[in-house]
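> Everything below, folded, please.
(one chain, ligands or ions: 1)
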Amino acid sequence: MKIIQKRTKDKMRYLFILGIFLILTLIIPGCMKKNNVQDESRMMIGVKVYHIDRELDALFKEWEGLGINTIFASPSVFEDEFSSLAKKHHITTFIILPVFYDPTALEADPGLYAITDKGEKAIEEWVEFVCPSRRDYRIQKVEYINKLIRELEPDGISLDFIRYFCFWEKVYPDRPPDLIPNTCFCPYCLEKFQSEKQINIPDSLEDSGAVAKWIQANHSNDWIQWKCGIITSMVENIVNEAKKTKPEIKVNLHVVPWRKDDFNNAIRRIVAQDFAVLANYADIISPMTYAHMVKRKPAWIHSVVNDIHEQADCKVIPSIQVNQAYLKDTLTEKEFELNVLEALKPPSSGVFFWSWDQLESRPEKKEVLKRVLDSVYFLPNI
Ligand SMILES: [Zn+2]
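Okay, the predicted model is just below:
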């Protein structure tokens, strides 16, 4: 009798342990999946870093303490220790890669300059642009980016100046749309446009100005579509090649902070950034919503994020400025705080700061940042 009771007890114990084991096998993968989803969907808090003159370990500790989990850095910032410290501190790294802003290439070959609708080189103060159509330049840029990915092993690439020429940083709300320079009317582009769109520009037109006017008067939509295709295909080329080197690489695009109707569709008409299509190749689209710089109120940041989110099926994360630039009025702590709060409003997936140098020069703004992030996003259970 006792033996039968003991066997029954053993059997029940065995079934109990088996039951617990089965329950755990069902629960644990679910928990792990949930954690992964949380990681993937965590708010991205990033800073743009162009150089570093501090001890790296302390710097990474400070970034982590501030809640910064993403760094956008120039290639020169990446060193062996930089990448390993980023991994140690769970910080995602992107290399900032200017695509059609390339003063070195322009100095070596001035024939690469994009040409405006007035027939002039695309230069305004420090902003100068390579013509986005040039085949050899495009191939070399793709190879250069791939070489950096192999050597520096970033988590992502962050494409900057991936557009046509415009000094948008000085385009204020009252700028007449027709007074924003349009490019590129260089002979190479005009020939390519005519052959690909089956259009003949009349021989009677004497200069670039007349040609530009004729195209915009007679084939405006063809011109805009063609320009957008030039930019999109460059993103496609870069991303396709980058993924051959590193399949899991993330892609961020720095974009001009214009809503679809601003300045008479200038986002497509002038700079040729078509967010709906670009989202096919990007994980993140990041408008440079430097509100103070372009004389806009903090709420404008959220309106730009909303507008892009309606067009693009990818994350939208605004980049905001820390201090004033180009203008003399001070960007106050209060305005900065309002900008951060607007930047974080859904459907935004985070906020990026331009730049770490600017935060370093104004420690009181680091405090603002920490306070806002603590209050909005790092509450328990969020
Ligand atoms: Zn051109």
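
> C-alpha from now on. contacts and neighbour counts both.
OK.

> quick one: pLDDT of residue 207?
Confidence at residue 207, expressed as pLDDT, is 86.

> ditto for residue 258
Per-residue pLDDT puts residue 258 at 98.

> show me what contacts it?
Counting by C-alpha atoms under 8 Å, 6 or more residues apart in numbering, residue 258 makes contact with 266, 267, 287, 304.

> and of the residues you listed, the nearest to residue 142?
Nearest to residue 142 among those is residue 287, at 22.8 Å by C-alpha to C-alpha.

> Are there helices or strands packed against the helix or strand harbouring the closest one, and which ones?
Per DSSP states H and E: residue 287 is located in strand 284-287. Secondary-structure packing of strand 284-287 (3 or more C-alpha pairs under 8 Å, 6 or more residues apart in numbering; DSSP states H and E): strand 250-255, strand 315-316.

> Now the last one: average pLDDT?
Translated: strand 315-316. pLDDT averaged over strand 315-316 gives 98.

> Name the residues that touch it?
Residues contacting strand 315-316 (C-alpha under 8 Å, 6+ apart): 283, 284, 285, 286, 287, 305, 308, 309, 347, 348, 349.

> Top of these by number of neighbours, please.
residue 305 (29 neighbours; other C-alpha atoms under 10 Å).

> My guess is it contacts residue 349. True?
No. Assessed by C-alpha atoms under 8 Å, residue 305 is found out of contact with residue 349, at 9.7 Å.

> Common neighbours of the two, please.
Common neighbours of residue 305 and residue 349 (C-alpha under 8 Å, 6+ apart) are 316, 317.

> and the protein, which residues reach the ion?
Selection of the chain residues close to the ion by C-alpha under 5 Å from the ion yields 131, 184, 186, 189.

> ok, 8 Å please
For the chain, the contact set with the ion under C-alpha under 8 Å from the ion comprises 112-115, 130-134, 183-190.

> Of those residues, which belong to helices?
187, 188, 189, 190 (DSSP state H).

> So residue 59, which state does it fall into?
Judged by DSSP: H, G, I helix; E, B strand; the rest coil, the three-state class of residue 59 is helix.

> Distance of it relative to the ion?
43 Å (C-alpha to the ion, to the nearest Å).

> Would you mind measuring from that residue to residue 341?
25 Å (C-alpha to C-alpha, to the nearest Å).

> So for these two, which sits in the more crowded spot?
Set side by side, residue 59 and residue 341 show more neighbours around residue 341, with 19 against 14, by other C-alpha under 10 Å.

> if I look at the more buried one, how far off is residue 320?
11 Å.

> Might you calculate how far stretch 290-308 sits from the centre of the chain?
Offset of stretch 290-308 from its chain centre (C-alpha atoms, centre = their mean, to the nearest Å): 16 Å.

> got any ranges where this structure has weak pLDDT?
1-41, 377-382 (pLDDT under 70).

> can you pull out the helices in it?
Under DSSP H, the chain gives helices at 2-40, 56-66, 80-88, 103-108, 135-152, 187-197, 208-218, 220-245, 266-269, 275-278, 299-311, 333-344, 356-361, 363-376.

> Return the most buried member of these.
helix 266-269 (a mean of 22; mean count of other C-alpha atoms under 10 Å).

> Pull the residues that contact that one.
177, 182, 224, 228, 256, 258, 259, 260, 272, 273, 274.

> 7 Å - rerun?
Residues outside helix 266-269 that contact it (C-alpha atoms under 7 Å, 6 or more residues apart in numbering): 224, 228, 258, 260, 273, 274.

> and what of stretch 245-253?
Under C-alpha under 7 Å, 6+ apart, the answer for stretch 245-253 is 155, 156, 157, 158, 159, 160, 243, 282, 283, 284, 285, 286.

> just checking, residue 314 touches residue 283?
Yes. Residue 314 lies in contact with residue 283 (C-alpha atoms under 7 Å); the separation is 5.6 Å.

> So what's the residue count around the nearest residue to residue 106 once chain neighbours are set aside?
Take residue 106 and drop its neighbours on the chain: the residue closest to it by C-alpha to C-alpha, 6 or more residues apart in numbering is residue 112, 6.1 Å away. By other C-alpha under 10 Å, the residues close to residue 112 number 21.

> Repeat that for the one 4 residues further on.
When counting by other C-alpha under 10 Å, one arrives at 20 neighbours for residue 116.

> Who are the contact partners of the closest residue in space to it that isn't next to it in sequence?
Nearest residue to residue 116, sequence neighbours excluded (C-alpha to C-alpha, 6+ apart): residue 183, at 4.6 Å. Neighbour list for residue 183: 114, 115, 116, 117, 164, 165 [criterion: C-alpha under 7 Å, 6+ apart].

> let's go with 8 Å and repeat that
114, 115, 116, 117, 122, 164, 165, 270.

> Just the buried ones from the residues you listed?
114, 115, 116, 117, 122, 164, 165, 270 (16 or more other C-alpha atoms under 10 Å).
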